[in-house]
Each structure stands twice: as structure tokens, then as C-alpha cells.
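Novice: Dropping a prediction and its sequence here:
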Amino acid sequence: MTNARLSLDEAQAFLAANPTVQWIDAFVFDMNGIPRGKRIRRSDLLGVAKSGLMMPSSVFIMDPLGNCVEETGRLWETGDPDQRCHLLSKTLVPIPLGDHTRAQAVMVVDGKDELDPRTVLANQVERITRGGQTPVAAVELEFYVTRRTTNGAFKLHTPEGVADDPQRPLTFGFEDMDALSPFIDDIFHVCETQGIPVDGVMQESGPGQFEINLKHRPDAVAAALDGLLLKRAVKAAAHAHQLDATFMAKPHHDWAGSGMHVHLCLVDRSGDNLFAGDPISPLFRHALGGLRETMADFMAVWAQSANAYRRYVPKAYVSIAAHWGFNNRTVALRVPYANGASTRVEHRVAGADANPYLVIASMLAGISHGLAHEIDPGPAVEHHSETIEAPPLPTAWVNSLDLFQSSEIVRGAFGAPFQDVFSRLKHAERNNFERIVTPLDHLWYAQSA
């Protein structure tokens, strides 16, 4: 990982190569994985490249609506001071859509901020590389595409040409991709222009639902950033075609949920896969043991919203217990059909709305725990995992937050300040969400009360 500053030469070369660009979005990612930042003019780019931008420290403690959460204890008590950020080298890229007047760049905080999810992941990578092991990772993301509404409100209406029938799943088909091919073409155009290593796209089982896979990187921080930037690319391409894209974990109760699957292995200093074996190495078994034993501790990361917990239902390829197995999509930790350099774990628990920085950091924390204590994962699950007992995952939000808040594993991995602030942030979000009276309250209870 590098936090190298964008150089003046790099900024000048960008301006020369992109004469139509007039605005640059500069952003960090908050605890939710939402980009927060400023839009600067073309004429200001060189000054920002030289001196950076000031951002309030509260940028990391915002809820999904953009409110600074005072329950974190990091707002009024601190005076909400500014901190200097710089543009990250190699992230200044055009957004090649529409009139080609916009670009973007990722910012990072000068030094390290204990509440920055990027820092949390960087610390985990540093911890595991001290032992001579380098994590290689890739993110897969599922999402839904919908028609845009005239008033900007989100509605789950499938686009023209897409079958609105969840009873007629078209998984691995091509009909929806054909209907939306200009939109998909633009996703790949944006990604290729911006250096996001897209691999393939597939049609998922929900109406207008797709999955895009990213290629592996021997830099876990860069792999997580790929996932975050892919979301932005998908949304930008959707808007260019008068569509919306959502990475909600469960946008419809009767339709398939959207997940984030992370593929990960460890390699040694020579680049050899430390998970490879016959069929897997003892080190890989210990890594799986640690991932199993710590999975519940990090459930608040895998499922970071009220909606995310609606995804954990039976027979939905979403495990609600810490199972592992070979080539088995019903388990939480799947070892795909591969060997040698391709040997890896596929972590299948997180919702698509989760923050990839924190998801991969949690995985590395679990792996480090397993390696340090040589934890055995037990036997691999064959066939349907829901028929086999395993450590259950907390599938109620309040329970997962309480466990995250009290976990020694989380505290040791993420640090007490992050653990405390994230817990307070999410408990405040949960309290606000649960106090809202919805139309469903009226439908179910108004006449019976």
C-alpha cells in the first residue's frame, strides 16, 4: 500500500491530457464506505496538489444520511477540528461520461487517523506482513439496476426490457445484459479508463440484478479501494443512462439479496501461495479456523445496516453460521475449486452495502488470530450447510453491535477508539431507524390495536 501524494508533475500531466475536465471530486470514504469530500475547479488542482485540502475530522463519523453523529463523542467534545488531506497518487482520473467535464481523486489524511477505515485496514496489512505474508485479495459485488424517478426518490422499478418476475430467475443468462448493454458497456469503459481491474459481469437471479468481479491484487488496501471505486463507477454509468443502481443488501423482501464476496489468500516473499497444499496447507486450515472463530465478532461489519439483516434467510446462498467447505456455495467460507497459485478462501457473509476496507480488515484480523493460535477449523461441510451445526452468527443488529462493542478480538485488531466510535455511530443509527413509524406499522397494527 502507498499513500504517496499526487505530485505536481502528475497533476499537470493530467490537465494536459484532459482539456475538457472542469471539475474534480476529491473524497475520502467514511465508516459506511460512502465518499465524502469537495468538488474543486480545474484551476485549483495544482494548488490542492501542492498544499492539500482541509476536511473536518467529523467526516468519518457520519451516518448514511450525512448527519454527524454526536453520540460518538467526537463532535462537540473535540470542537470538530480540521485535518489536512492530500490527493492520492494514481487516483486522479477522468469520469468519461456525458460531456467529459468531471474527474475524481481519492484523498487520504496526512499521517494516520484512528477512525479512518483505510487506516484500520492498513494496520491489519502491516500486522500480517511483518510475518512475511502478503494478502492477495479481490472483491465481487452484486447490485440492482432500476429506473430513475422524476422526483429523485428511489423506487425498485426494473428498467425497460428487463423482466419484472422473480419467479423466472435468469441467473447466468444474457437477456437482461442485452437489454442494458449500453449501460454495462459504460461501466466497463469507466473502469478501464480509471484503472479499476474489472474481470467479468454476470446476470444474477433478481430482476435487474448483476454481479461484477474484480481481479486479484497483491495489495489488500488497493483491492478494497477497487471495490469502493467500482460502486461509484456503476452509479455514474447508471445516472448517464437515466437509471439508478443500488448496493442495498436486500432491496426487496421477495427478491435475492446482494452480497459482497471477498477472495483472499496469503503469499510469501517469493510470491508462492501459502494456502496451497493437498488439498490445502496447515497454515490455510489455521486461517480458516481463525475466520470461523471470529466471524460473529465482526458481524456488525459484514452487516452494517438495518436492511442488511434482512438478507440472512434460509436457502439464499447466505450462511447464517460459521461453516466452511470445499466448492460449496452454502457455506460462509468457501474454498473454490482451485489449487496451487489459485488456492484461496471466498468470504461470503458481507452485504453489498458493507465497507470493503473494514470487510477485508476484519478478515485479516480473523486470519491473524487463527495463525497465532493455530486454530483448527474442524471438518469441511459437505452438501447443505444449514443441516450442520456451527457457531451461529448474530442476525439481529443490536446483538451484533453489542458483540462488536465488547469483543477483545475487535479491540485488539481495530483499536479501542475505533471500536467505541463505530459502535456508538451504529447504535445511534439503529435507534433512529427503529423509532420511525412506517406504513407497515399502520397496515399490520392500526386496525388490530
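Specialist: Yep, it's here. Residues are numbered from 1 along each chain as shown.
Novice: now the strands for the stretch 251-400 of the chain?
Specialist: With DSSP state E, counting those that start in this stretch as the criterion, the stretch 251-400 of the chain has strands at 260-267, 324-326, 333-335, 345-347.
Novice: For residue 377, which of those is the nearest?
Specialist: strand 324-326 (5.5 Å; Cβ to Cβ). Backbone N, C-alpha and C define where each C-beta goes, glycine included.
Novice: Make JSON lines out of the strands of the stretch 251-400 of the chain and add distance to residue 132 and mean neighbour count.
Specialist: As requested, the strands of the stretch 251-400 of the chain are exported to JSON lines (distance: least, Cβ to Cβ, whole Å; neighbours: other Cβ atoms under 10 Å):
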{"stretch": "strand 260-267", "distance to residue 132": "9", "mean neighbour count": "23"}
{"stretch": "strand 324-326", "distance to residue 132": "25", "mean neighbour count": "20"}
{"stretch": "strand 333-335", "distance to residue 132": "23", "mean neighbour count": "24"}
{"stretch": "strand 345-347", "distance to residue 132": "19", "mean neighbour count": "22"}
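Novice: Reformat the ones you listed as TSV; add distance to residue 176.
Specialist: Below are the strands of the stretch 251-400 of the chain laid out as TSV (distance: least, Cβ to Cβ, whole Å):
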stretch	distance to residue 176
strand 260-267	20
strand 324-326	30
strand 333-335	25
strand 345-347	24
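Novice: In JSON lines: the ones you listed, plus mean pLDDT.
Specialist: Shown next, in JSON lines, are the strands of the stretch 251-400 of the chain (pLDDT from 0 to 100):
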{"stretch": "strand 260-267", "mean pLDDT": "98"}
{"stretch": "strand 324-326", "mean pLDDT": "94"}
{"stretch": "strand 333-335", "mean pLDDT": "96"}
{"stretch": "strand 345-347", "mean pLDDT": "97"}
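Novice: so which of those strands comes closest to residue 291?
Specialist: With Cβ to Cβ, the closest approach to residue 291 among the strands of the stretch 251-400 of the chain belongs to strand 333-335: 5.6 Å.
Novice: what ranges of this structure fall below the confidence cut-off?
Specialist: 1, 165-170, 449 (pLDDT under 70).
Novice: quick check: longest strand of it.
Specialist: Ranked by residue count, the top strand of the chain under DSSP state E comes out as strand 134-147.
Novice: Which strands or helices does it pack on?
Specialist: Packing partners of strand 134-147 (3 or more Cβ pairs under 8 Å, 6 or more residues apart in numbering; DSSP states H and E): helix 117-129, strand 209-214, helix 220-240, strand 243-246, strand 260-267, helix 356-373.
Novice: for these, which one ends up most surrounded?
Specialist: Highest mean neighbour count among the helices and strands packed on strand 134-147 (mean count of other Cβ atoms under 10 Å): helix 356-373, with a mean of 25.
Novice: Can I get that helix as PDB, trimmed to CA atoms?
Specialist: Provided in PDB are the C-alpha atoms of helix 356-373 (Å, rounded to 0.1, in the frame of the first residue of the first chain):
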ATOM      1  CA  PRO A 356     -14.700  -3.100   1.700                       C
ATOM      2  CA  TYR A 357     -11.900  -1.500   3.800                       C
ATOM      3  CA  LEU A 358     -13.500  -2.900   7.000                       C
ATOM      4  CA  VAL A 359     -14.500  -6.200   5.500                       C
ATOM      5  CA  ILE A 360     -11.000  -7.100   4.400                       C
ATOM      6  CA  ALA A 361      -9.600  -5.700   7.700                       C
ATOM      7  CA  SER A 362     -11.900  -8.000   9.600                       C
ATOM      8  CA  MET A 363     -10.900 -11.000   7.500                       C
ATOM      9  CA  LEU A 364      -7.200 -10.300   8.100                       C
ATOM     10  CA  ALA A 365      -7.900  -9.900  11.800                       C
ATOM     11  CA  GLY A 366      -9.500 -13.300  11.900                       C
ATOM     12  CA  ILE A 367      -6.700 -14.900   9.900                       C
ATOM     13  CA  SER A 368      -4.100 -13.400  12.200                       C
ATOM     14  CA  HIS A 369      -6.000 -14.800  15.200                       C
ATOM     15  CA  GLY A 370      -6.100 -18.200  13.600                       C
ATOM     16  CA  LEU A 371      -2.400 -18.300  12.700                       C
ATOM     17  CA  ALA A 372      -1.300 -17.000  16.100                       C
ATOM     18  CA  HIS A 373      -3.300 -19.700  18.000                       C
END
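Novice: Distance from the chain centre to that helix, please.
Specialist: On the basis of Cα atoms, centre = their mean, to the nearest Å, helix 356-373 sits 15 Å off its chain's mean C-alpha point.
Novice: quick check: angle from it to strand 134-147?
Specialist: Computed by axes from the mean of the first three to the mean of the last three Cα atoms, to 10 degrees, the angle separating helix 356-373 from strand 134-147 equals 150 degrees.
Novice: Can you check what angle separates helix 356-373 from helix 117-129?
Specialist: Helix 356-373 and helix 117-129 are oriented at 20 degrees to each other (the same axes, to 10 degrees).
Novice: who does helix 356-373 touch, helix- and strand-wise?
Specialist: When contacts are defined as 3+ Cβ pairs under 8 Å, 6+ apart, helix 356-373 sits against helix 117-129, strand 134-147, helix 220-240, strand 260-267, helix 282-294, helix 299-302, helix 408-414.
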